[in-house]
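Colleague: I would like to see how this sequence folds:
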Amino acid sequence: MQTALKSIAFAITAALLAIGGARADSLTPVQKANTKTAGLAPPTVLSPELYQWITSQGTTALENGSTDFPYYGYAGDGPQIPAPGDVQSAFHNVEATKTEPDKNTYLVLPFQHGPDPDYNYGLRFLFQGHENGAPDPATGARHGLITRINLDADGAHRVTLLAAADKDGRSLPLIDGSTWDPRARRLLFTSESGTQGGVWQATVDFPSTVEDISGVFGRGGYEGIQNDSAGNLWILEDVGGPRGFVNNFARQPNSFLYRFVPKDRADLRKGGVLQALQVTSNASPGQPIVFHAGMADADILSQDVKDLHTCGQVFPTRWVPLHDTDVDGFAPFDANALAKIRMATPFKRPENGQFRPGSFFREFFFDETGDTDSRTQAGSQYGGFGSIMKLTQPGPSSDIGRLTMFYQCDVEHSGFDNVAFWSSTQVVFVEDAGDTLHAQRNALDSAYLFDTTAFYGLASTPAPVRILAEGRDPSATLDSALGGQPGFQNDGDNEITGLHVSDGDPTVFGILGARLPVPFRFGWRVFYTQQHGDNNTWEIGRRNPLASLF
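Modeller: Residues are numbered from 1 along each chain as shown. Model (predicted):
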């Protein structure tokens, strides 16, 4: 009986998808990116089948805002726009620091609370850490915050400041990545602040209790963090390496892919083993591809790096242990330095990754951001513009696997950062090319859809489908113009970040990759943040194909 019901449910789902379904292969491509033009603030362009609306904008007042953080996207150290006649200088900033909400995590949770004890806070929430923030009074260093957008709330209760300090009163770091760990029942946040970075865990309800658990995960430039079905945590590191002396617009591969195997999946504080991925060379069989200290030029243009960025090459992989809390204790440690000592394989800034739904957590796609400079001597051949990699293993906890490049980036498709699967065979990667590359190619960022069944090494393979050409809001346009002024602290242009496709299921069945995503149906929703500038967070919807008939 149960099998029959599952078959009926599957048939109904397939029929619904066939009637104006949400597959991105039915989306009309956006033909070109928006140009970067001084003084112009072009709107974002989406595939015509899609539309978007703001869930929260940077100027939204936090319902429990503080002196440091009064607004969702603005710190309290200045006005939201420069006053008439105000002049930027090294000792005076003309506008407030933009807090830059980053990765989005969507959860449907009952019985949540907030600062107002008489308000019903609903069920649907979007959580973010912020990548920038106010100066710490004690150190002068900028510190971050954690916010919650209440998608069911009125304006006064729309965005809540969950935390700006940990349980010991220490200011939170600048935060990049986030995920929900359903077994530990904690939000996990990452900071890519190098030897000051790491992983922080936070309770989900208000007020949130935040703990630094870097004695377990180590210190590193951590960004993307992803669960698997076995309870492991996968972390990608974004640490730019040294520039070459000859190859002065390229950087040495310097970042690692980590996997943390917890001792107790319900309590990460009890420790476990941190591992890093090691890739075996094809040019020197049996030898790992490793970082060579003081040899940036040699590594940038090495045969191994070229092979890694060549379509069709397949590399054996294995996970090498870096730190075991049962043996090494709980003192914070430098994960990047240990990865180099243990001969793990460095990549060119692998910022984010996800498991392909339907692969049973055996296929992990991740990006390399690359050098984000059109002048890079590494070019496409040596990963200068980044790549998309595919790691395949027999299972999520397997110690061995194989790595191959899925897509070789070029100057027009470069700086890939956030990622989300749209279906079992379709994945969207978004750009964070940065102001320099925007100007060099006269093109702002885009979001691209890839077919994971395609082999992009063939000349006949169709190009990825652009489904979003990001614009530039007036605030980011102004910031881009102010970028050359002494002491100016905000980034120009906008960045696509926090792309997130989820139905908000807080159980193990809601881990990204556990079920096939169905955007815009059955509770599945799509979010992203237009970071920098106005710092608006958007939800994307799909137009009703039948609407034009009425």
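Colleague: Make sure Ser475 is actually in contact with Tyr74.
Modeller: No - proximity of Ser475 to Tyr74 does not meet the contact threshold set by Cβ atoms under 8 Å, at 9.8 Å. Using the backbone N, CA and C atoms, a C-beta is placed for each residue, glycine as well.
Colleague: So for those two, which residues contact both of them?
Modeller: Shared contacts of Ser475 and Tyr74, defined by Cβ atoms under 8 Å, 6 or more residues apart in numbering, are found at 58, 80.
Colleague: What mean pLDDT does stretch 315-332 get?
Modeller: Per-residue pLDDT over stretch 315-332 has a mean of 98.
Colleague: Strands of the stretch 1-150 of the chain, start to end?
Modeller: All strands of the stretch 1-150 of the chain, identified by DSSP state E, counting those that start in this stretch, fall at 45-46, 50-56, 101-108, 124-130, 146-150.
Colleague: Pipe those into JSON lines and attach distance to Pro486 per row.
Modeller: Shown next, in JSON lines, are these (distance: least, Cβ to Cβ, whole Å):
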{"stretch": "strand 45-46", "distance to Pro486": "35"}
{"stretch": "strand 50-56", "distance to Pro486": "32"}
{"stretch": "strand 101-108", "distance to Pro486": "27"}
{"stretch": "strand 124-130", "distance to Pro486": "25"}
{"stretch": "strand 146-150", "distance to Pro486": "31"}
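Colleague: To Val305, which of the ones you listed lies closest?
Modeller: strand 101-108 (28.1 Å; Cβ to Cβ).
Colleague: where along the stretch 251-400 of the chain do the strands fall?
Modeller: Under DSSP E, counting those that start in this stretch, the stretch 251-400 of the chain gives strands at 257-262, 272-279, 314-324, 353-355, 363-368, 387-392, 400-408.
Colleague: Indicate which one of those strands is closest to Ile341.
Modeller: For the strands of the stretch 251-400 of the chain, the distance to Ile341 is smallest for strand 314-324, at 8.3 Å, taking Cβ to Cβ.
Colleague: hey, C-alpha coordinates of that closest one in PDB?
Modeller: These are the backbone C-alpha positions of strand 314-324, laid out as PDB (Å, rounded to 0.1, in the frame of the first residue of the first chain):
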ATOM      1  CA  VAL A 314      40.300  12.300 -13.900                       C
ATOM      2  CA  PHE A 315      42.300  12.400 -10.600                       C
ATOM      3  CA  PRO A 316      42.200   9.900  -7.700                       C
ATOM      4  CA  THR A 317      41.500  11.600  -4.400                       C
ATOM      5  CA  ARG A 318      41.700  10.700  -0.700                       C
ATOM      6  CA  TRP A 319      41.000  12.500   2.500                       C
ATOM      7  CA  VAL A 320      44.000  13.000   4.800                       C
ATOM      8  CA  PRO A 321      43.500  13.600   8.500                       C
ATOM      9  CA  LEU A 322      44.700  17.000   9.900                       C
ATOM     10  CA  HIS A 323      43.500  17.100  13.500                       C
ATOM     11  CA  ASP A 324      41.800  14.700  15.800                       C
END
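Colleague: and the gap between the residue nearest to Gln57 when sequence neighbours are not counted and Gly197?
Modeller: Counting by Cβ to Cβ, 6 or more residues apart in numbering, the nearest residue to Gln57 once its immediate chain neighbours are dropped is Asn536, at 4.6 Å. Noted for Asn536: a distance of 26 Å to Gly197, by Cβ to Cβ, to the nearest Å.
Colleague: returning to what we had before: out of the strands of the stretch 1-150 of the chain, flag the one nearest Gly114.
Modeller: Closest of the strands of the stretch 1-150 of the chain to Gly114 is strand 146-150, at 7.5 Å (criterion: Cβ to Cβ).
Colleague: Give me the local confidence score for the closest residue to Ser414 other than its chain neighbours.
Modeller: Distance criterion Cβ to Cβ, 6+ apart; nearest residue to Ser414, sequence neighbours excluded, is Phe385 at 4.1 Å. Predicted confidence (pLDDT) for Phe385: 98.
Colleague: tally of neighbours for Phe385?
Modeller: 30 (other Cβ atoms under 10 Å).
Colleague: same check, this time on the one 4 residues further on
Modeller: A count of nearby residues for Met389, using other Cβ under 10 Å, gives 24.
Colleague: Kindly provide the distance from Asn254 to His292.
Modeller: Going from Asn254 to His292 by Cβ to Cβ gives 11 Å.
Colleague: More neighbours: which of these two?
Modeller: Asn254 (22 against 12).
Colleague: residue contacts, that one?
Modeller: Asn254 is in contact with 239-242, 291, 336, 346, 348-349, counting by Cβ under 8 Å, 6+ apart.
Colleague: got a markdown table for these, with pLDDT, distance to Thr453 and neighbour count too?
Modeller: Converted to a markdown table, those look like this (pLDDT from 0 to 100; distance: Cβ to Cβ, whole Å; neighbours: other Cβ atoms under 10 Å):
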| residue | pLDDT | distance to Thr453 | neighbour count |
| --- | --- | --- | --- |
| Val239 | 95 | 33 | 20 |
| Gly240 | 93 | 33 | 16 |
| Gly241 | 95 | 33 | 20 |
| Pro242 | 97 | 38 | 15 |
| Phe291 | 97 | 34 | 21 |
| Asn336 | 98 | 35 | 27 |
| Pro346 | 98 | 30 | 27 |
| Lys348 | 97 | 26 | 29 |
| Arg349 | 97 | 27 | 29 |
